[in-house]
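Participant: Give me a 3D structure for the following:
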Amino acid sequence: MAQEIELKFIVNHESVETLRQHLHTLTAEHIAPSPLLNIYYETPDNWLRGHDMGLRIRGFDGKYEMTIKIAGRVIGGLHQRPEYNIPLEKPELDLARFPAEVWPQGELPADLQARTQPLFSTDFQREKWLVNVGSSRIEIGLDSGEVKAGEFAEPICELELELLSGDAADILKLARQLVSLSGLRQGSLSKAARGYHLAQGNAPREIRPTTILQPPVKATVEQGFAAALELALAQWQYHEELWARGNAKAKQDVLRAIALLRHTLVLFGGIVPRKASAHLRELLTQAETTITSADSASAAIWDTPSGMAKLLLTEWLVSQGWRAFLDEKAQAKFAGSFKRFADIHLSRTAAELKNAFAQPLGDSYHDQLPRLARDIDSALLLAGFYDRAQASEWLENWQGLYHAITTRQSIEIEHFRNTAINQQPFWLHSGRR
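Facilitator: Just a heads-up that it's a prediction; the model follows:
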């Protein structure tokens with residue numbers, strides 16, 4: 001088994017040649033473009049996908065390799081997944097050659113080989129550069145081609161940084177240098193993810209409202225903080241992809257995701273000092289300015305501050321970069337119960353909302369929208385320990401109020417205001433466990 005660690009970027013077609021010339025300046029170890037054909041497999045009931053597994057056969061220069069990737073972690077565009085590679089003499093599946101530890105029950109399901117069939121393929125040219133960064137050996141792959149499933153296809157224009165040996169921090173160091181060139185954006189959708197979507201009919205991707213964060217059962221405050229940042233980053237990248245694909249409404253969801261990132265830093269600001277996130281907040285401000293004024297996605301998604309902000313956040317999450325700024329008291333708080341943290345802050349959030357909306361506000365409701373948005377975000381980040389239905393109902397009333405205010409529906413405003421302020425808490429509002 002190998003641990004695959006790679007960072008993926010989407011490349012602006014107009015920037016490919018500039019990027020290629022820059023890569024030539026980094027190293028003399030260059031491998032000319034060569035064709036790669038990958039066939040991905042699945043069962044009729046998506047058994048592999050359901051177990052977070054990806055199966056492919058790759059063909060290159062008359063040689064073949066069977067690969068299975070199992071559950072891992074994706075932060076931003078950084079993919080970390082265990083993978084198993086088996087050389088083949090011909091492009092035919094032989095699942096029995098994978099070790100038993102690959103399979104969920106410790107053995108190959110009896111009928112899996114018979115049920116597994118080709119689902120989609122990726123056909124592209126890969127050009128490579130091998131570089132040494134710090135103590136690490138990194139392969140840079142520039143891919144150009146397409147992913148195909150039946151009648152559907154979409155282009156591939158990607159850059160992948162794969163760690164061959166050394167430290168993942170060196171991939172991020174190299175990435176910072178490349179992102180400064182512009183023309184790159186972190187891609188959270190892998191080739192396989194795009195192939196599955198095409199194979200399922202290529203339906204338009206929908207706006208994805210932020211859902212209640214679901215932390216681990218016994219999460220620490222630090223784990224809750226990291227999970228909140230990951231959620232906001234995922235929302236940013238997902239809606240940026242929609243915006244890039246022509247969904248103009250997704251622009252506002254990109255901005256909402258950045259606002260959620262900012263609010264996360266505020267919510268945990270009693271533990272993580274402002275100096276820890278100063279550079280990140282500066283980049284977020286620059287990204288917001290560009291996105292807000294942009295007439296189209298193409299005018300904003302390749303922006304260097306935006307790319308650097310996402311990359312810095314990815315690095316922060318991978319390396320837990322905030323820890324260098326924590327004193328002993330803050331470290332102790334971060335090691336405490338996130339559930340207790342949630343109890344306390346949900347009580348504060350509810351008290352603030354009730355105070356702000358205790359009485360009808362007439363023409364002043366719009367003045368409270370920023371506060372309402374922040375408090376809704378707080379609840380989304382903190383409500384995951386409780387009954388989902390109760391938490392969702394509590395939130396939906398405040399979200400209904402927000403929508404009624406923004407659409408100036410006077411009757412609905414008063415309906416949601418009265419309902420929301422009279423709700424009973426769904427959390428342990430004493431703040432005790």
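Participant: In terms of helices and strands, where is residue 56?
Facilitator: Element membership for residue 56 (DSSP states H and E) is strand 54-60.
Participant: Mind giving me the packing neighbours of that strand?
Facilitator: In terms of contacts (3 or more Cβ pairs under 8 Å, 6 or more residues apart in numbering; DSSP states H and E), strand 54-60 is packed against strand 30-42, strand 63-69. To be clear about C-beta, it is placed using only N, CA and C from the backbone, and glycine gets the same treatment.
Participant: Scan this structure for its longest strand.
Facilitator: Ranked by residue count, the top strand of the chain under DSSP state E comes out as strand 117-133.
Participant: Pull out the buried residues from that strand.
Facilitator: 119-124, 126-129, 131, 133 (16 or more other Cβ atoms under 10 Å).
Participant: Roughly how far does residue 36 sit from residue 149?
Facilitator: 17 Å (Cβ to Cβ, to the nearest Å).
Participant: And those two? Which one has more around it.
Facilitator: Neighbours were tallied for residue 36 and for residue 149 using other Cβ atoms under 10 Å; the higher tally belongs to residue 149 (22 against 17).
Participant: next one: phi and psi at the more buried one?
Facilitator: phi -140, psi 110 (degrees, to the nearest 10).
Participant: pretty sure it is touching residue 193, no?
Facilitator: No - Residue 149 is beyond contact range of residue 193, at 12.0 Å (criterion: Cβ atoms under 8 Å).
Participant: Which neighbours do the two have in common?
Facilitator: Residues touching both residue 149 and residue 193 (Cβ atoms under 8 Å, 6 or more residues apart in numbering): none.
Participant: what's stretch 103-114 in contact with?
Facilitator: Defining contact as Cβ under 8 Å, 6+ apart, one finds that stretch 103-114 is touched by 43, 47, 51, 93-96, 98, 100.
Participant: please redo it, this time with the cut-off set to 6 Å
Facilitator: 51, 95, 100 (Cβ atoms under 6 Å, 6 or more residues apart in numbering).
Participant: Stretch 206-223 now?
Facilitator: Under Cβ under 6 Å, 6+ apart, the answer for stretch 206-223 is 224, 227, 231, 235, 238, 253, 334-336, 338, 341, 380-381, 383-384, 391.
Participant: Now, the residues you listed that are in strands?
Facilitator: Assignment to strands by DSSP E places none of these there.
Participant: Can I have the buried ones of the residues you listed as a PyMOL selection?
Facilitator: A single PyMOL command selects the buried members of those (16+ other Cβ under 10 Å):
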select buried, resi 224+227+231+235+238+253+334+338+341+380+381+383+384+391
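Participant: Between which two of the contacts of stretch 206-223 is the distance greatest?
Facilitator: Spatially, the most separated pair among those is 253 and 335, at 33.8 Å (Cβ to Cβ).
Participant: in stretch 272-285, what's buried?
Facilitator: Buried, per 16+ other Cβ under 10 Å, within stretch 272-285: 272, 276-277, 280, 283-284.
Participant: Could you dump those into TSV and include pLDDT and distance to residue 410?
Facilitator: Output for the buried residues of stretch 272-285, formatted as TSV (pLDDT from 0 to 100; distance: Cβ to Cβ, whole Å):
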residue	pLDDT	distance to residue 410
272	97	41
276	96	44
277	95	40
280	95	40
283	95	40
284	96	35
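Participant: Tabulate those residues (CSV), appending distance to residue 78 and secondary structure.
Facilitator: Below are these laid out as CSV (distance: Cβ to Cβ, whole Å; DSSP: H, G, I helix; E, B strand; the rest coil):
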residue, distance to residue 78, secondary structure
272, 21, coil
276, 20, helix
277, 19, helix
280, 16, helix
283, 18, helix
284, 19, helix
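Participant: what ranges of the stretch 51-200 of the chain fall below the confidence cut-off?
Facilitator: 77 (pLDDT under 70).
Participant: what about the helices in it?
Facilitator: 112-115, 168-179, 191-199 (DSSP state H, counting those that start in this stretch).
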